[in-house]
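*Asks:* Requesting a structural model of the entry that follows:
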Amino acid sequence: MKLKSLLLANAVLLGCMVSQAHAEDEAQLIRKGEYLSRLGDCMACHSVAGKPDYSGGLAIESNLGTIYSTNITPDKAHGIGNYSEQQFSDAVRKGVLANGSRLYPAMPYPDYAKISDEDMHALYVYFMKGVQPSAEQPPETSLSFPFSQRWGMRFWNWAFTSDKPFQPIGGASDEINRGAYIVESLGHCGSCHTPRGFGMNEKALDSGDATFLAGGSLNNWEVPSLRGLPRWSEQEIVDYLQTGRNDKAAVGGEMKSVIEHSSSHMTDADLKAVAAYLKFLGGNPPLQAYNVQAQQQTEAKLTAAKNLSEGERLYLDNCGACHFVTGKGAPGIFPELDQATIVNAKDPTGLIHTILEGAQQPSTEKAPSTLAMPGFGQRLSDDEVAQLATFIRQGWSNNAPAVSREQVADVRKSLKHEEK
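*Replies:* The predicted structure is shown next:
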């Protein structure tokens, strides 16, 4: 009898130990999945201010129309609570929902296709057991014909996606390959920074093609090339992704959300890996030559403040206090204007947008202060903004085309449309 009791006690103890080990393994998977969801920036697209996390409803403007993100909480009626792990994987990596319908590539599944099986498992565990269910019902995406025919995405996927898993770069270090995996898969950096083809597809999905991360366009903003980032050191890349600022630039546009919800949560090791990979890719295009003489001429004229053009006067009145007569700003606080990508972009929309609306840096763990630039749309006319932008694009060592009053008017009109 005593032997039976002892065996029973041992069995109970063993069962408890197994149960505890399972719970610990699951908790670890949930933590890993939560981190991977940050790498994938799932929060930014599937969450709306004032609503539960991941409950969807974000309006995503595309060339096809407005697409609304879905509820990806484990709610069984409104979310993905009934998804098997295979169905979850198919949705994330192939863009195919459990009911067989097709997602639009506003969901970056062409990039997520490279997510490893191990990481996909951790993501599934996190979304099923680490996220609170929400009964929120996002608006239905309703596009005009023929884009409303989701079955047509089957042919788009056949032409423009790949089921090839992530391929490590031969001869590259483990750190560079870790960065390549993050950038090409979960980070889906190519969805914004790679040029689009005739089918609105990314022209390349990995570093084997020179067009990968070579720059593109998003909502009329020119998106810079990430290949090599010749003006930035690896540490400056890390600083930018971690805090939204470095000694040369400050975040703006869609990238603000990426910093806030994704890259600022990455480990130092992963940020360094991303930086190492981007530098490994090499410069494309090459670094613009720095014109010391032109820079000194602009600085001297602004310092003297005599015989100023309208654009120069507007700069001193509105911008000089922060960006200074040198156009260099203050390292880590106010970004450089001399040789800045947004200033020298072929399409001046980003610069015009920033002058009209201003900008605000995100608050992150490593840089909690939120530095803001005021918008000047209320005090400057279209002609004044055009002259100011033209001076900035042609002052110091910058060498970009002039900005017209009509270009400013178009951007201002689009901002009013967004407010509605």
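
*Asks:* CA atoms for contacts and neighbours, from now on please.
*Replies:* OK.

*Asks:* host element of S142?
*Replies:* S142 belongs to no helix or strand when elements are defined using DSSP states H and E.

*Asks:* Can you get me a residue count around it?
*Replies:* Residues lying near S142 (other Cα atoms under 10 Å) number 13.

*Asks:* Retrieve the pLDDT associated with it.
*Replies:* If you check S142, the pLDDT there is 75.

*Asks:* Please apply the same query to A204.
*Replies:* With respect to pLDDT, A204 has a value of 93.

*Asks:* Use 24 as the first number from now on
*Replies:* Renumbered: residue one is now 24, and that last one reads A227.

*Asks:* Hmm, G238 and it touching each other?
*Replies:* No: assessed by Cα atoms under 8 Å, A227 is found out of contact with G238, at 11.4 Å.

*Asks:* what do those two both touch?
*Replies:* T217 (Cα atoms under 8 Å, 6 or more residues apart in numbering).

*Asks:* S124: neighbour count?
*Replies:* By other Cα under 10 Å, 15 other residues sit near S124.

*Asks:* cool, and G88?
*Replies:* When neighbours are counted by other Cα under 10 Å, G88 registers 15.

*Asks:* swap in G73?
*Replies:* 6.

*Asks:* same check, this time on the one 10 residues further on
*Replies:* As a burial measure, the neighbour count of I83 was computed by other Cα under 10 Å and equals 14.

*Asks:* likewise K351?
*Replies:* Look at K351: counted by other Cα under 10 Å, it has 20 neighbours.

*Asks:* Which of the helices or strands spans it?
*Replies:* Assessed by DSSP H and E, K351 sits outside every helix and strand.

*Asks:* what's near enough to touch it?
*Replies:* Residues in contact with K351, defined by Cα under 8 Å, 6+ apart, are K271, P358, E359, L360, D361.

*Asks:* ok, now G123?
*Replies:* By Cα under 8 Å, 6+ apart, the contact list for G123 is empty.

*Asks:* Let me see the confidence value for H284.
*Replies:* Predicted confidence (pLDDT) for H284: 92.

*Asks:* That one and D64 touch, don't they?
*Replies:* Yes: shown here, H284 and D64 form a contact pair, counting by Cα under 8 Å, at 6.3 Å.

*Asks:* Which element is encountered next along the chain beyond the helix or strand of the chain with the lowest mean pLDDT?
*Replies:* Ranking every helix and strand in the chain by mean pLDDT, DSSP states H and E puts helix 25-62 at the bottom, with a mean of 74. Sequence order places helix 65-69 as the next helix or strand after helix 25-62, per DSSP H and E.

*Asks:* Tell me the helix or strand right after that following helix.
*Replies:* Under the assignment DSSP H and E, the closest C-terminal helix or strand after helix 65-69 is strand 82-85.

*Asks:* Quick one: mean pLDDT for that following strand?
*Replies:* For strand 82-85, the mean pLDDT works out to 77.

*Asks:* Equivalent analysis for stretch 295-312, please.
*Replies:* Along stretch 295-312, the predicted confidence averages to a pLDDT of 84.

*Asks:* same question, stretch 132-151
*Replies:* In this model, stretch 132-151 carries a mean pLDDT of 97.

*Asks:* how near is the closest residue to K152 other than its chain neighbours to Y147?
*Replies:* With Cα to Cα, 6 or more residues apart in numbering as the measure, I53 is the residue that lies nearest to K152, at 7.3 Å, once sequence neighbours are left out. Distance of I53 to Y147, computed by Cα to Cα, to the nearest Å: 9 Å.

*Asks:* next one: G118
*Replies:* 15 Å.

*Asks:* isn't A237 right up against L249?
*Replies:* Yes: A237 is within contact range of L249, at 6.3 Å (criterion: Cα under 8 Å).

*Asks:* The residue nearest to K152 - how many residues pack around it?
*Replies:* Neighbour count of I53, defined by other Cα under 10 Å: 23.

*Asks:* Strands of the protein, residue ranges please.
*Replies:* Taking DSSP state E to define them, one finds strands in the chain at 82-85, 88-91, 239-241, 244-246, 382-383, 395-396.

*Asks:* Parallel or antiparallel, which strands does the fourth one pair with?
*Replies:* Meaning strand 244-246. Counting by DSSP bridges, the strands paired with strand 244-246 are strand 239-241 (antiparallel).

*Asks:* residue boundaries of the helices in the stretch 174-323 of the chain?
*Replies:* Remark: helices assigned in the stretch 174-323 of the chain by DSSP state H, counting those that start in this stretch are 176-183, 197-207, 213-216, 257-266, 278-284, 291-304, 315-327.

*Asks:* For the shortest one, give the mean pLDDT please.
*Replies:* The predicted model gives helix 213-216 an average pLDDT of 93.

*Asks:* That helix packs against which elements?
*Replies:* In terms of contacts (3 or more Cα pairs under 8 Å, 6 or more residues apart in numbering; DSSP states H and E), helix 213-216 is packed against strand 239-241.

*Asks:* Find the residue at the geometric middle of this protein.
*Replies:* Geometric centre of the chain, nearest residue: V281, 3.9 Å, by Cα atoms, centre = their mean.

*Asks:* roughly how far apart are that one and C215?
*Replies:* To C215, V281 is 11 Å away according to Cα to Cα.

*Asks:* mind showing which ranges of this structure have poor pLDDT?
*Replies:* Counting by pLDDT under 70, the chain shows low-confidence ranges at 24-47, 86, 166-171, 307-311, 440-443.

*Asks:* Give the buried residues for stretch 73-92.
*Replies:* Buried residues in stretch 73-92, counting neighbours by 16 or more other Cα atoms under 10 Å, are found at P75, D76, Y77, S78, G79, G80, L81, A82, I90, Y91, S92.
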